[in-house]
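Colleague: could you work out the structure for the sequence below:
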Amino acid sequence: MGSLVRLILGVPVSIAVTFLLFLFMAAMIKGPTRLEDEKESININITAQIDDSDLSNANKEFKRPTLDAPPPPPPAVNDPSNRPALDGVRAAIPTIDANLSIGSGFNPDRDAQPLVRIPPQFPDRCQARAGGSETVVLQFDVTPDGQTTNIKVIDSSNSCFNRSASRSVERWKYQPKIVDNAAEWRRGVVTQITFVLEEG
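Modeller: Numbers count the residues shown, from 1 in each chain. Purely as a prediction, here's the structure:
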């Protein structure tokens with residue numbers, strides 16, 4: 001009900017306001033227009049003259065700066081008593097008449113140490129017969145040159161992997177066993193190689 005009253009009152013009022021605005025604008029358009037008198041223009045000169053400087057006199061007045069004289073060299077000392085003594089301290093080497101045991105802090109002897117261990121390849125022919133993981137235990141000797149030799153399989157969970165494990169150990173390289181600063185054979189080195197089948 002309130003919106004209907006607003007509509008009935010609002011439409012005539014808006015028409016009246018629009019009509020009054022229209023009359024006001026028409027009166028403004030028909031009225032005489034008066035332009036302001038033109039003001040006197042301002043003259044701006046942007047071409048100011050620049051005075052040239054006389055370069056011939058400037059070159060004549062230029063003086064090269066004088067460099068400071070280098071400092072004089074230090075005075076030479078010719079007095080031999082001023083020199084330090086270079087003889088040093090002379091003392092006799094003491095002799096120790098005691099039976100001392102220094103201990104074994106440094107022992108040049110060492111066992112064979114592995115340098116290069118090439119992992120074995122998983123044989124394709126053994127994949128069907130392989131379980132989750134297979135182990136091969138091998139015994140070998142290390143020569144004074146660090147090569148592996150006399151390779152034997154001691155124990156194996158699957159004999160299909162014996163050959164691949166032996167071929168891998170053949171390519172291993174060792175630091176040889178050292179006794180009294182001389183390389184010697186290292187017999188009976190035992191190692192275990194584990195083959196794991198990766199699920200692909």
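
Colleague: tell me which helix or strand of this protein sits lowest on mean pLDDT?
Modeller: Least confident helix or strand of the chain, by mean pLDDT, DSSP states H and E, is helix 55-61 with a mean of 60.

Colleague: buried ones in stretch 128-145, by neighbour count?
Modeller: Buried residues in stretch 128-145, counted by 16 or more other CB atoms under 10 Å: 130, 134, 136, 138-143. From N, CA and C alone the C-beta is placed, and that goes for glycine too.

Colleague: which one of those residues is nearest to L115?
Modeller: Of all the buried residues of stretch 128-145, L115 sits closest to V142, with 10.7 Å by CB to CB.

Colleague: would you mind finding the longest helix in this protein?
Modeller: Counting residues, the longest helix in the chain under DSSP state H turns out to be helix 2-30.

Colleague: so K152 sits right up against Q139, yeah?
Modeller: Yes. Here K152 reaches Q139: they are 5.1 Å apart, a contact under CB atoms under 8 Å.

Colleague: pLDDT score for L138?
Modeller: pLDDT recorded at L138 is 95.

Colleague: where's it, which helix or strand?
Modeller: strand 133-142 (DSSP states H and E).

Colleague: for that strand, output the C-alpha coordinates as PDB.
Modeller: Provided in PDB are the C-alpha atoms of strand 133-142 (Å, rounded to 0.1, in the frame of the first residue of the first chain):
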ATOM      1  CA  SER A 133      67.100 -61.700  -1.800                       C
ATOM      2  CA  GLU A 134      69.900 -64.300  -2.400                       C
ATOM      3  CA  THR A 135      73.300 -64.400  -0.700                       C
ATOM      4  CA  VAL A 136      76.700 -65.800  -1.900                       C
ATOM      5  CA  VAL A 137      79.600 -66.100   0.600                       C
ATOM      6  CA  LEU A 138      83.100 -66.100  -1.100                       C
ATOM      7  CA  GLN A 139      86.600 -66.600   0.000                       C
ATOM      8  CA  PHE A 140      89.700 -65.200  -1.900                       C
ATOM      9  CA  ASP A 141      93.300 -64.100  -1.500                       C
ATOM     10  CA  VAL A 142      94.800 -60.700  -2.200                       C
END
